[in-house]
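In: predicted model follows, preceded by the sequence.
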Amino acid sequence: MGDRAEVLLVGRRSLLTGGLATLALAACGQREGRVDARAQDAFFLWAGVTAPEWLDRARTVYALAGEVRHDRRAFVPLRAVPRVRGPELWLTVRVERLDWDQGIRGAILQTLGRWEAAGNRLAGLQVDFDAATHGLGGYARFLRAVRQWLPRRWRLSVTGLLDWSAGGDPAELAAMAGTIDEVVMQTYQGRRTIPGYERYLETLRRLPMPYRIGLVEGGEWREPGWLAADPRFRGYVVFLLSR
């Protein structure tokens, strides 16, 4: 999700405060123009991005907790334990390698436990890995292994590339669908909407699992007319940018 430069440490100040109140999900209001973050209710919050004052009214927040880096076979924490009151919170791990050992698994489970013990309404674990479209079968096997050691009270989410729905093998997508609870399809790279994203949107109907669409704050977006009626579409998630 975004460039490595975006994956920095979020400040320790109170991330979100206040009760649960929902921003209007104004999907139909964003058929043309730029993404208005205030019109949505679910957000990616990365390190170095100061939480805006209105974020306490969010319904869902995906917060980067750490990374499993290509050059280091370990979980690298990037955030102090948040204390979120109201919004549902997903613990996101940015992943560059899939050969997880017991040390990585144990560190992630401990982090999930600490986030939950702090009083957060923890939804579960999100894996952010740019799996190649023609390697989804192997990724599905990795996710099945994660699901086996992840306690059932926590859901499992992944991020996805637009090409998955366009070029992914239906059997491999189905294998993934049987394991995960949702996929968040990314329409951006870094700070910009991917050029030509429109040609991929129609293929989202091929996805056999619930999906959200990840948008970048201020980026281009035109919603296709059929999207709101798709029973597997669960809404938008806005990647907030640093100010």
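Out: Arrived safely, thanks for sending.

In: so Leu64 touches Val95, yeah?
Out: No: between Leu64 and Val95 there is no contact under C-beta atoms under 8 Å: 11.4 Å. C-betas here are computed from N, CA, C, even on glycine.

In: quick one, which of these two is more surrounded?
Out: Leu64 (27 against 22; other C-beta atoms under 10 Å).

In: residues touching that one, list them.
Out: Leu64 sits next to Val7, Val10, Phe44, Leu45, Trp46, Ala47, Leu78, Arg79, Thr92, Val93, Arg94 when contact means C-beta atoms under 8 Å, 6 or more residues apart in numbering.

In: where does pLDDT dip in this structure?
Out: 1-32, 243 (pLDDT under 70).

In: tell me where it has strands.
Out: Secondary structure of the chain (DSSP state E): strands located at 42-45, 60-68, 75-77, 88-95, 121-128, 155-161, 182-186, 188-189, 192-193, 211-216, 233-239.

In: can I get these in a markdown table with distance to Arg114?
Out: A markdown table is the format used below for the strands of the chain (distance: least, C-beta to C-beta, whole Å):
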| stretch | distance to Arg114 |
| --- | --- |
| strand 42-45 | 18 |
| strand 60-68 | 10 |
| strand 75-77 | 10 |
| strand 88-95 | 10 |
| strand 121-128 | 10 |
| strand 155-161 | 18 |
| strand 182-186 | 23 |
| strand 188-189 | 30 |
| strand 192-193 | 35 |
| strand 211-216 | 26 |
| strand 233-239 | 24 |
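
In: which among the ones you listed is found nearest to Gln148?
Out: strand 155-161 (10.7 Å; C-beta to C-beta).

In: residues contacting the closest one, please?
Out: Taking C-beta under 8 Å, 6+ apart as the rule, strand 155-161 contacts 1, 62, 90, 123-131, 133, 143, 146-147, 150, 176, 179-186, 211, 214.

In: repeat that for 7 Å
Out: For strand 155-161, the surrounding residues in contact (C-beta atoms under 7 Å, 6 or more residues apart in numbering) are 1, 90, 123-128, 130, 133, 143, 146-147, 150, 179-186, 214.
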